[in-house]
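Engineer: Sharing a sequence plus its predicted fold:
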Amino acid sequence: MKVAHIPNILTVGRLVSVPLTVWLMLQGQMTWAFWMFVAAGITDGIDGAVARLFNAHSKLGAFLDPLADKVLLVSIYVVLGWLGDLPSWLVIMIVFRDLFIVGGALLMLLLSRYSRVDPLYIGKINTFLQIVLAGVVLAELGLGLDSRGGSTALIYLVGASTLLSGLAYLVIWGRKLASNGLEGPP
């Protein structure tokens, strides 16, 4: 096996693990779900490190890696919301923001001269906070961790960063399209 394939194999493994993680959560097996989440984080780090160290970047990996991360996070948030462990307003915000960003990115690629949509710094902060909150809540449920109200503070931080990142994308895309970013008819 070529080293170049390792990042994609790890990413596909992470993507394929999502249904198992969701099933574990729905079965009340939060300890196992927590460790699956940790394993996903470790493989995400490893696939990124291998890609950088061995220059094993690929178009497939550039597409699959963020997809796997989003599918895992959104799935965990939806299940935690369904089970009542996260507020529904937060889950709705996160799902809507992700759909908005995917739809907006597709529109930018289709309607403008821009060939790619780069992630914003606030979006990276939001993703980091979402990962931390998911990990804390799963650790509280699965390992009996007492975060001493930390998850409540994180809920509001995630809510604020979700709103800010969605608005930031909206403003930036609006400016790009308004500043001659639209192409004429084909």
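Structural biologist: Sure thing, it's come through.

Engineer: contact partners of stretch 149-160?
Structural biologist: 86-87, 89-90, 93-94, 126, 129-130, 132-133, 136-137, 140 (CB atoms under 8 Å, 6 or more residues apart in numbering). Just so you know, the C-beta spots here come from the backbone N, C-alpha and C atoms, and that holds for glycine as well.

Engineer: Run through the helices of this protein in chain order.
Structural biologist: With DSSP state H as the criterion, the chain has helices at 6-26, 30-53, 59-82, 88-111, 121-143, 150-176.

Engineer: Which among the contacts of stretch 149-160 count as buried?
Structural biologist: Listed as buried from the contacts of stretch 149-160 are 86, 90, 93-94, 126, 129-130, 133, 136-137, 140; burial here means 16 or more other CB atoms under 10 Å.

Engineer: would you turn the residues you listed into TSV with pLDDT?
Structural biologist: Listed next are the buried ones among the contacts of stretch 149-160 as TSV, based on pLDDT from 0 to 100:
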residue	pLDDT
86	97
90	98
93	97
94	97
126	95
129	96
130	96
133	96
136	95
137	96
140	95
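
Engineer: Give me the below-cutoff pLDDT ranges for this protein.
Structural biologist: Applying pLDDT under 70 to the chain flags residues 1, 3-4, 113-116, 180-186.

Engineer: gap between the most centrally placed residue in the chain and residue 84?
Structural biologist: What sits nearest the mean C-alpha location of the chain, by CA atoms, centre = their mean, is residue 70, with 3.2 Å. In this view, residue 70 and residue 84 are 23 Å apart by CB to CB, to the nearest Å.

Engineer: got it, and residue 46?
Structural biologist: Going from residue 46 to residue 84 by CB to CB gives 34 Å.

Engineer: Give me the more crowded residue out of these two.
Structural biologist: Between residue 46 and residue 84, residue 46 has the larger neighbour count (other CB atoms under 10 Å), namely 13 against 8.

Engineer: From what I see, that one and residue 9 are in contact.
Structural biologist: No - the criterion here is CB atoms under 8 Å, and residue 46 misses it with residue 9 at 10.6 Å.

Engineer: Can you name the residues that contact the closest residue to residue 120 other than its chain neighbours?
Structural biologist: Spatial nearest neighbour of residue 120, chain neighbours left out: residue 168 (5.4 Å); criterion: CB to CB, 6 or more residues apart in numbering. Applying CB under 8 Å, 6+ apart, we find residue 168 in contact with 120, 122-123.

Engineer: I'd like the distance between residue 168 and residue 78.
Structural biologist: Taken as CB to CB, the span from residue 168 to residue 78 is 24 Å.
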